[in-house]
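**Student:** The sequence and its predicted three-dimensional model are supplied below.
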Amino acid sequence: MRIFLAVLAATLMTLAACAPAMQGHRRADAPMQAIVGFDPARFAGDWHEVAAIGRTPGARWHVEPGAGGALGVTTSRDGAGQGRVIAPGRFTLSTFRSPLWVLWADADMRSVLLGTPDGSFAILLDRASAMPPDRLRAAREILDWNGYDLGALH
């Protein structure tokens, strides 16, 4: 019985060593890229938080672009925040600790996927309160490619 338990313990330790290290809700070794064609002016308007990882979805967002890469963002949960575009597809927002990266947006800017490099959360925004299955599937694929834990998607 001792030999069995020793073999079982060694097997479990080996499997644990093979599991990818997580940073927040995403694999630490996963590449992450923001879209370079992000246009703050097209991001303006009202959004519904239809799904999220690392937070409960459901917040409403209102985005207003400002001069020089500034963003004004108000959410029903996080309050009003001032943001600033810091690189293509990347911006900071005073109501969040981590910078937000635009991981994906559909061509008509009806859906946007935001994530944080530290893996603390990812947010799927849509202009409507429900997202069509094809765009939700595309967003899930992008989350997976960026190393996010799809089991945590709500």
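**Tutor:** Nice, thanks for sending it over.

**Student:** Mean pLDDT per helix and strand in this protein: which one sits at the bottom?
**Tutor:** The helix or strand of the chain with the poorest confidence is helix 2-18; it has a mean of 53 (mean pLDDT, DSSP states H and E).

**Student:** Next SSE downstream of that helix?
**Tutor:** Later in the chain than helix 2-18, the nearest helix or strand by DSSP states H and E is strand 22-23.

**Student:** Pull the distance from that next one to the chain's centre.
**Tutor:** Strand 22-23 sits 14 Å away from the centroid of its parent chain (C-alpha atoms, centre = their mean, to the nearest Å).

**Student:** Let me know the average pLDDT across it.
**Tutor:** Strand 22-23 shows a mean pLDDT of 87.

**Student:** In its sheet, which strands sit next to that strand, and in what direction?
**Tutor:** Paired with strand 22-23 in the same sheet, following DSSP bridges, are strand 26-27 (antiparallel).

**Student:** pLDDT weak spots in the chain?
**Tutor:** Applying pLDDT under 70 to the chain flags residues 1, 4-19.

**Student:** again, only this time at 50
**Tutor:** Residue ranges of the chain with pLDDT under 50: 8, 11-12, 14-17.

**Student:** Grab the CA positions of whatever helix or strand Arg140 lives in and hand them over as CSV.
**Tutor:** Using DSSP H and E, Arg140 sits in helix 133-145. Provided in CSV are the C-alpha atoms of helix 133-145 (Å, rounded to 0.1, in the frame of the first residue of the first chain):
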residue,chain,number,x,y,z
PRO,A,133,-23.8,32.9,-31.2
ASP,A,134,-21.2,33.4,-34.0
ARG,A,135,-19.7,36.5,-32.3
LEU,A,136,-19.7,34.7,-28.9
ARG,A,137,-17.9,31.8,-30.5
ALA,A,138,-15.3,34.1,-32.0
ALA,A,139,-14.8,35.8,-28.7
ARG,A,140,-14.3,32.5,-26.9
GLU,A,141,-11.7,31.4,-29.5
ILE,A,142,-9.8,34.7,-28.9
LEU,A,143,-10.0,34.3,-25.1
ASP,A,144,-8.7,30.7,-25.5
TRP,A,145,-5.8,31.8,-27.7
